[in-house]
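[1] Provided below for reference: sequence and predicted model.
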Amino acid sequence: MSGQELEGRTLKRANPKTIQDKFLVGYQGWFTCNGDGEPIDPNHHGWLHWFDKPIPDGGRPNTDLWPDVSEYSPSELFPAPDLQNADGEPMFLFSSRHSKTVRRHFHWMALHGVDGAFLQRFAGQCDLEAGSAAIRNIRDEVGDRVREAAEAEGRVFAIMYDVSGVHPDKIQRVLEQDWMHLIRDKGVLDSPNYLREKGKPVIALWGFGFNERNHSPQVVRSIVNFFRSSTPGGVYLMAGVPGHWRTSTSDSDPNPEFLRVWTEEFDALSPWTVGRYGNEEEAERWGNEKVKQDFDFLQQKGDEGGKRVDYIPVVLPGGSDYNLSRGQRGLNGIKRNGGRFLWKQIYAARHAGVRIIYGAMWDEYDEGTAFMPVVSSSKQLPVHPQFNFLALDADGHSLPSDWYMRIAGFAAESLRGDRMLHESFPVKELQDYWATRPRYEETTALQEEAGQWNEAQRAYRDWAAQEEGAVVDEAPPPYTLEDETQGPQASNAQNSRLVPTEATNPALDRSSISSVPPSSSSTSTGPEYLPGLDMRTQQSYQQPSSSYSIARPSPRVSSPGPASATNDLARQTLSRLPSGVKPGPQQFHASEFPSISSPVMQMPSVEVSPSTTPISSMSSLAASAPPVSSRLPYPVQQRAPNNLPSQPRAPALNARPSPTPQGEPFGIGGPGLYRSDVNTYQHSPASLPRVEQYHPRTTPNSGSSMATNRPAHPYPVPNPPVQDYRQRQIPSTQPRPVGSYSPQPCCRGTQSSPPSAPPRPSMHPQSSDQSASMLTGNGRGRGRGSNTTGRARGGSRRPARGVSLLSGVILSCIADVVVLQAGRGN
């Protein structure tokens, strides 16, 4: 696992634009090892915070908890001096200066849903006048690693100044100089992942107002004024205050002026609670007496017209600093109790209504408050006669090493509203934590569409590279209505061959389908399309040498008059005959027509106008003809033949089809269909050819109608989820007709929005393997131009326009032949 990418997906990112609804942790970043880089002094041993100095040189460890380093790479680990496990194997530790290590720490935040970290910056290590240049360089180095890791892992970060150890007379100068250094020299605020609230960068000042530190309220106000005036855009200031800040007792400076400083100068308060309670009962009492009352106090001040101040309580997993205190405090002084101590604090904070929680600390192994992995078993600890260490089983619980990061993840999910928190400890859910995690970014429909379109382009490039001498042609220009209005010579459809229908007779297979003569061009104007639908994917792509091309559909369908019925009946009669069937009264062999090479006669799709088409006497034929497919109780489909172009044109590399208006699949006819009476509207399914149309929710080359013996087709083949558009509900303003029905396209002339897609019904057992929603024919046109007779909801009635003389002659001849054959049968 590396970075945000995990199994090809992106881990859910934290929003750097607000501090609200976040679980943030402190990040010390202060561990160094011998050999990890230039030490603070040429004579320094290189160990910081793991040891005061190496054990062989008389030093001692500063930590009680022992980190689990099993996930670190060998290049990140450094041998701990004079420490071995029970088997005599050397123990290893990590360095906070290593870029891969810091990246790993932030990756753990991302995996568990923790939003980000406050990087601790110690004012005493930033005072150049006190000779702290070397240690400040290390802090700058760690700061760079934190910024890089936060940006790579989608986490947020902010600076938290710890003013401990600096004389009150120097603290303002040190903070001012260092903050200018971070802004100007390090460019810390240039990072897009630096945490902000309402456009203002978040800065935390921790340690003012504690008892016996001798900070004056006036100095604090002056420091606040400096940050607000010197930071571009202002700042959101958070104060790390004493636990008893509201009452000015115990750990708090008794000066009552500090209470006004907290509520007037700062934007958020975070009371320090480490060491203020030591078990679950005390933690619950602290939650009721401090957290709840502090939060309500600030809420009331804001409701009364005062400054709105956020409240950020501190929670900790436990604590142990026996080695750090040289034995003055007990080992495992604040027992973790398998996570129940931490859970009690989190529940109290959420019960009080807080929206931000601060976890102390992510990597604090020194005082034993670390969330990061700790070895699970005491058998994994180093063995030393002088020093003792802790594992997670110290309280009698067998836990995985990331147990407390999981609890932090639960808290973060609660703050974001992804889960409810209950007072009972969710041990079972924590054990099953990875069954439903990690959480990933939800890909939008537009991103899915872009990915599919890019996949289609890549598929074409791969296909073109495999073809010998293949030329990658440029895609045709985008469709415009002017192309259609310039007459027949401007139309691409006049030289295109139509996709023959196969679904009108399920018994037919591809072997019974062959190409047909080119149809004549119509002089009709082009259809209008729904807004937002890119017609580049519906252009007619064809090669001069190809025997087959993909045609645009006719912009209108046949008029339901007698000529249209004749066309429908003749076409259906001819297309239903399998090869080898002896002609009967309503059948004939295609061999009687030498120009037709297929045993099944295929008709070109033409537009029929009642005013121009010759009408023969069809009453006897209409009475004896088999039922047409438009009367079938289920939708029909068409398949593409095997003779596709050998070199189809590629889509433009920068082209991307627009999604449908509602993001739902629809065929040629528009976004919605509703019921109508088939006795009034009868249309031939062969009147419109199948068009290779991009569908945003399908994968390229998935259509079953494509030839299997050719390279993958470069254009996305529609194969949307099974859906019968006849099941759409009629709008409330449209009366429901009775009787049988066939699908009808939706007009754009109405002011109401098209109906949304219903749940997917099961596919009809006699329908083909593609979706029943991809109907071709049955009165389906594109956009506003369907306009069949009797159109409802804003569509006006108008007859189909324009048909060539050749088309009329062909239809007339075919109809006469059918009548002649019917007479011979009688």
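    Thanks, I have it. Numbers count the residues shown, from 1 in each chain.
[2] dump the residue contacts of the closest residue to residue 126 other than its chain neighbours.
    Closest residue to residue 126 apart from its sequence neighbours, by Cβ to Cβ, 6 or more residues apart in numbering: residue 178 at 4.1 Å. Just so you know, the C-beta spots here come from the backbone N, C-alpha and C atoms, and that holds for glycine as well. Applying Cβ atoms under 8 Å, 6 or more residues apart in numbering, we find residue 178 in contact with 121, 123, 126, 136, 161.
[3] so which of those sit within strands?
    Under the assignment DSSP state E, the contacts of residue 178 contribute 121, 161 to strands.
[4] now rank the contacts of residue 178 by neighbours and give me the top one.
    Among the contacts of residue 178, residue 161 has the most neighbours (other Cβ atoms under 10 Å), with 26 neighbours.
[5] partner residues bridging it?
    residue 121, residue 205 (DSSP bridges).
[6] that one contacts residue 223, correct?
    No. Using Cβ atoms under 8 Å, residue 161 makes no contact with residue 223, being 9.5 Å away.
[7] tell me, what's touching these two both at once?
    Common neighbours of residue 161 and residue 223 (Cβ under 8 Å, 6+ apart) are 175, 205.
[8] show me which residues of the strand or helix carrying the residue nearest to residue 126 are buried.
    Secondary structure from DSSP states H and E places residue 178 in helix 171-180. Residues of helix 171-180 classed as buried under the neighbour-count rule (16 or more other Cβ atoms under 10 Å) are 171, 172, 174, 175, 178, 179.
[9] same question for stretch 28-41.
    28, 29, 30, 31, 32, 33, 34, 36, 39, 40.
[10] so for that stretch, what's the average pLDDT?
    Mean pLDDT, stretch 28-41: 95.
[11] do stretch 322-333 as well
    pLDDT averaged over stretch 322-333 gives 94.
[12] so what touches it?
    By Cβ under 8 Å, 6+ apart, stretch 322-333 touches 60-64, 278, 318-321, 366-368, 387-390, 394-395.
[13] now the buried members of those residues.
    Counted by 16+ other Cβ under 10 Å, the contacts of stretch 322-333 give 60-64, 318-321, 366-368, 387-390, 394-395 as buried.
[14] list of residues touching stretch 303-314?
    19-20, 238, 262-264, 266-274, 291, 294-295, 298, 301-302, 345, 349, 352, 354-360.
[15] same thing but 6 Å
    Stretch 303-314 is contacted from outside by 263, 268-270, 272-273, 291, 294-295, 298, 302, 349, 354, 356, 358, 360, using Cβ atoms under 6 Å, 6 or more residues apart in numbering.
[16] just the endpoints, please. Distance across it?
    24 Å (Cα to Cα, to the nearest Å).
[17] related to what we said a few turns ago, now the buried residues of stretch 28-41 as JSON lines including secondary structure and distance to residue 92?
    Below are these laid out as JSON lines (DSSP: H, G, I helix; E, B strand; the rest coil; distance: Cβ to Cβ, whole Å):
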{"residue": "28", "secondary structure": "coil", "distance to residue 92": "19"}
{"residue": "29", "secondary structure": "coil", "distance to residue 92": "19"}
{"residue": "30", "secondary structure": "coil", "distance to residue 92": "18"}
{"residue": "31", "secondary structure": "coil", "distance to residue 92": "12"}
{"residue": "32", "secondary structure": "strand", "distance to residue 92": "14"}
{"residue": "33", "secondary structure": "coil", "distance to residue 92": "9"}
{"residue": "34", "secondary structure": "coil", "distance to residue 92": "12"}
{"residue": "36", "secondary structure": "coil", "distance to residue 92": "12"}
{"residue": "39", "secondary structure": "coil", "distance to residue 92": "19"}
{"residue": "40", "secondary structure": "coil", "distance to residue 92": "22"}
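[18] nearest to residue 404 among these?
    residue 28 (15.9 Å; Cβ to Cβ).
[19] under the pLDDT cut-off, which ranges of this protein? List them.
    Counting by pLDDT under 70, the ranges of the chain that qualify are 1-7, 443-446, 448, 468-807, 822-826.
[20] in a markdown table, list the buried residues of helix 171-180 along with distance to residue 233.
    Output for those, formatted as a markdown table (distance: Cβ to Cβ, whole Å):
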| residue | distance to residue 233 |
| --- | --- |
| 171 | 24 |
| 172 | 22 |
| 174 | 23 |
| 175 | 19 |
| 178 | 19 |
| 179 | 14 |
